[in-house]
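Q: Next input, structure requested:
(2 chains)
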Number of protein chains: 2
Amino acid sequence: MNAEILSIGDELLIGQVTNTNASYLGEQLSLLGITVRRVSTVGDRIDDLLDAFARAWNEHDVIITTGGLGPTHDDITREAVCRFFDTGLVENAEVLADIKRLLLERKRPLSASNRDQAMVPAAAGIIRNTNGTAPGYHFHRDGKHLFVTPGVPYEMHGMMESYILPHLREQFTQARASLTILTTGIAESTLADTLQGLESLHPSCSVAYLPSPIGVRVRLTALADDETFARARLAELRTFISDRAEEYVYGVDRETIEQNLGEMLISRSATVAVAESCTGGLVTDRITNVPGSSRWFERGVVCYSNESKTALLGVDPAIIASHGAVSRQTAEAMANGIRRTAGTAFGLSTTGIAGPDGGSAEKPVGLVWIGISSDAGSFAFDFHFGSDRVRTKQRAAQAALDILRRALMRLPLQPTSARSTT
Amino acid sequence: MNAEILSIGDELLIGQVTNTNASYLGEQLSLLGITVRRVSTVGDRIDDLLDAFARAWNEHDVIITTGGLGPTHDDITREAVCRFFDTGLVENAEVLADIKRLLLERKRPLSASNRDQAMVPAAAGIIRNTNGTAPGYHFHRDGKHLFVTPGVPYEMHGMMESYILPHLREQFTQARASLTILTTGIAESTLADTLQGLESLHPSCSVAYLPSPIGVRVRLTALADDETFARARLAELRTFISDRAEEYVYGVDRETIEQNLGEMLISRSATVAVAESCTGGLVTDRITNVPGSSRWFERGVVCYSNESKTALLGVDPAIIASHGAVSRQTAEAMANGIRRTAGTAFGLSTTGIAGPDGGSAEKPVGLVWIGISSDAGSFAFDFHFGSDRVRTKQRAAQAALDILRRALMRLPLQPTSARSTT
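A: Okay, here's the model as predicted:
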């Protein structure tokens, strides 16, 4: 079964909105065993839409569109789909009731444009929207399916979960298993060299390396007639990776390092506090994205000024004066200071030169010291993350979280790959 | 002049990577006046690539591909492009030298797969890569251009800036002006009602509303033979918006509220410090993404526990005991506390229930109090941001930054639209 994702909207073509809907839909369809063969994005022009509908309907079994269903004049998906299926509009009482209920909850009046959203294509099934005013449509002809959804991500997600995915699950199944191994602290090419032979282990499995600022993901996919067989193949590939690169693996699939850290800390009744300079709050932002993180995260400080490092963490001004704010000594003092003042089992710290200014020959832009303090003592390690400010923050935050993971798992605190090349 | 962006890679189809390259390219091409008519994404299958090349080359003048140029086995763009243009591979000495230099800088050895990347299509011009080992290719035939670039964003960006954009600028110009007005604190439909009549002001101008968790952007585009004329039309539309919704406008185009706040604070020699509970460091993460923010940002604290609110900010435990950690009184005490301890002109605070647990009938999930303290006194306002944890953090961080903007611009601290409906 092949699928196409069709994203609609000028804002996507001119780059004002990044197409996160397509990645969400691609993942959801893949998990069902449906092969996404193409993602197409077209603008708010009726001819381009009709052309895209025709091509998608001709080539693929399942088409999901997003966008162009809003109440404003630039939303033309409804018109296009009516023309494509040669159908007219009828008012749907259930949809109108949904719209009225939602607006009442939000204390907003029923505008004419909202009321018009209850006019739906006569030939379509209706996909109700619990998160917004635009209903979705479902066309089912000749064994093919076209699902039309809004572009607002959480409205579309709601329709996928309540209607589209259950509908597709009934119809399509094929044994495909996939597993993504999440690594950090090792470069893509070094990892690929370390895992030489992985690709040829099983011809029915595919391997892809996906680099990002926070690490390299290794995506393993197995196709088979039988799901148990596909999963067994994946397990063999996973063992191959574990045998060669275990220290770099912090999770699988959609896990995050912060989520897994939380589970490890909870299981030990341990807590952490964080003192950030160059990462500016990104470490604690990521930690607090995890539901329930208040059980294991006590506090953070963002000590951007030297005065705040002393006032909030008790860092001796003489350390900063003699070694600099970006130094092993300051990183260790910050980690010790936050651990002591917060009364936590672990203290983490970051201090570096995020750029674009402030670098020197001795301490270039991109230099970051990461510190950790626990009852095992305090340690700090230097990293070189390059000249892009936001990327350096991302990589440093990941390195800080990874050093805590390594401490909790009793692994070497510094990645072996970093040691061998510096 | 029409363009197509062709993104290549299974990881995009199955949703493991979000296609930020397409949004970057869409924006860059649009700024040149080139109309992006389609974004297509296909996987790592040679037939799908050849099909996509043929269609794009047939329909559009400029095609930019991203992805599939890496050193691993799943990278097949080079092979596909050679087949499409019926050309072979030759070693390019300049590319080989670039690869050797880059690996030397990174203290990595020259592997066989890196060396193979110096083999390039004989019929192509070379786009040098200063950020990675894969060169890009440029095919120019029959007045059409195909640019082939890697999928790693900053490698592709480097090629755009050093080669592709200068090249295109020479060839294509057309008078198109666009302006995006950035608003926050007002819902899309309320804003559209407030701006009724904007779309019909000039038939040659288009208007699009782009909602996101941090606000609604209003994109204005004018097409004309003459750029001065197009810009004048945009200025009229902008005045129309200013006359009706000025308090919600925090910037234009790619500006951010934190960047504009920084400029306002610097011009007044004022500084800010931030005390975050529910936003968990996201406010200071955004602030510290701005280069040079150390000039106006002094410190932040992430006081997740009640103890830390007292220890770091001097919040009276009796206030928390009688009103709760999520209350007007605690928000004001946190804002006062961070301002006093940091010695800054402004103190900001956030405290709320990000969820998914911890809500009650009186204080539901999504309730956030935002506090501000300055020499004008301390104030706090409540917001209801819904049940999604990460979205609530995003919206609360934006509201906190916006209250400081409103204070600096002597606007009502609470959005008028929020007052009228609650």
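
Q: Am I right that residue A:309 is in contact with residue A:315?
A: Yes - the criterion here is Cβ atoms under 8 Å, and residue A:309 meets it with residue A:315 at 4.3 Å. Every C-beta, even on glycine, is put in place using the N, C-alpha and C of the backbone.

Q: Need the overlap of contacts for the two.
A: Common contacts of residue A:309 and residue A:315 (Cβ atoms under 8 Å, 6 or more residues apart in numbering or on different chains): A:330, A:333, A:334, A:337.

Q: Please list all residues in contact with the second one.
A: Okay, so that is residue A:333. A:309, A:313, A:315, A:316, A:319, A:371.

Q: Past the helix or strand hosting it, which element shows up next along the chain?
A: Take DSSP states H and E as the rule and residue A:333 turns out to sit in helix A:328-342. Note on helix A:328-342: by DSSP H and E, the next helix or strand toward the C-terminus is strand A:346-352.

Q: So which bits of the stretch 301-422 of chain A are right by chain B?
A: Counting by Cβ under 8 Å from any Cβ of the partner chain, the positions of the stretch 301-422 of chain A adjacent to chain B are A:301-305, A:307-308, A:311-312, A:341-342, A:354-357, A:388-391, A:393, A:421-422.

Q: if you set the cut-off to 10 Å instead, what comes out?
A: Where the stretch 301-422 of chain A comes near chain B, counting by Cβ under 10 Å from any Cβ of the partner chain, the residues are A:301-305, A:307-309, A:311-312, A:341-344, A:354-358, A:384, A:386-391, A:393, A:397, A:420-422.

Q: Can you classify the residue lying farthest from the centre of chain A by secondary structure?
A: Farthest-out residue of chain A from its mean C-alpha position, per Cα atoms, centre = their mean: residue A:318, at 41.7 Å. What DSSP: H, G, I helix; E, B strand; the rest coil gives for residue A:318 is helix.

Q: where in the stretch 51-200 of chain A is pLDDT low?
A: For the stretch 51-200 of chain A, the stretches flagged by pLDDT under 70 are A:172-175.

Q: which parts of it sit against chain B?
A: Residues of the stretch 51-200 of chain A lying near chain B by Cβ under 10 Å from any Cβ: A:51-52, A:55, A:59, A:70-75, A:103, A:106-109, A:111, A:113-114, A:131, A:133, A:151-154, A:157, A:178, A:180, A:187-190, A:192-193, A:199-200.

Q: Only the buried subset of the contacts of residue A:333, as a PyMOL command please.
A: PyMOL command restricting the contacts of residue A:333 to the buried ones, with burial defined by 16 or more other Cβ atoms under 10 Å in any protein chain shown:
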select buried, chain A and resi 309+313+315+319+371
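
Q: which one of the contacts of residue A:333 is nearest chain B?
A: residue A:309 (9.0 Å; Cβ to the nearest Cβ).

Q: Spell out, range by range, the strands that occur in the stretch 151-300 of chain A.
A: Using DSSP state E, counting those that start in this stretch, the strands assigned to the stretch 151-300 of chain A run over residues A:176-183, A:205-212, A:215-223, A:249-252, A:272-276, A:297-303.

Q: any residues touching the shortest one, and which ones?
A: Just to be clear, that refers to strand A:249-252. For strand A:249-252, the surrounding residues in contact (Cβ atoms under 10 Å, 6 or more residues apart in numbering or on different chains) are A:179-186, A:214-215, A:217-218, A:220, A:238, A:241-242, A:256-261, A:398, A:401-402, A:405-406, A:409.

Q: Buried among these? Make that a ChimeraX selection.
A: With 16+ other Cβ under 10 Å as the criterion, this ChimeraX line picks the buried residues out of those:
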select /A:179,180,181,182,183,184,185,186,214,215,217,218,220,238,241,256,257,258,259,260,261,398,401,402,405,406
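
Q: count of residues packed around residue A:51?
A: Close neighbours of residue A:51, defined as other Cβ atoms under 10 Å in any protein chain shown, add up to 16.

Q: typo on my end, it should be residue A:94
A: So residue A:94, with other Cβ under 10 Å, has 12 neighbours.

Q: give me the number of residues near the closest residue to residue A:20 other than its chain neighbours?
A: Closest residue to residue A:20 apart from its sequence neighbours, by Cβ to Cβ, 6 or more residues apart in numbering or on different chains: residue B:18 at 5.3 Å. By other Cβ under 10 Å, 18 other residues sit near residue B:18.
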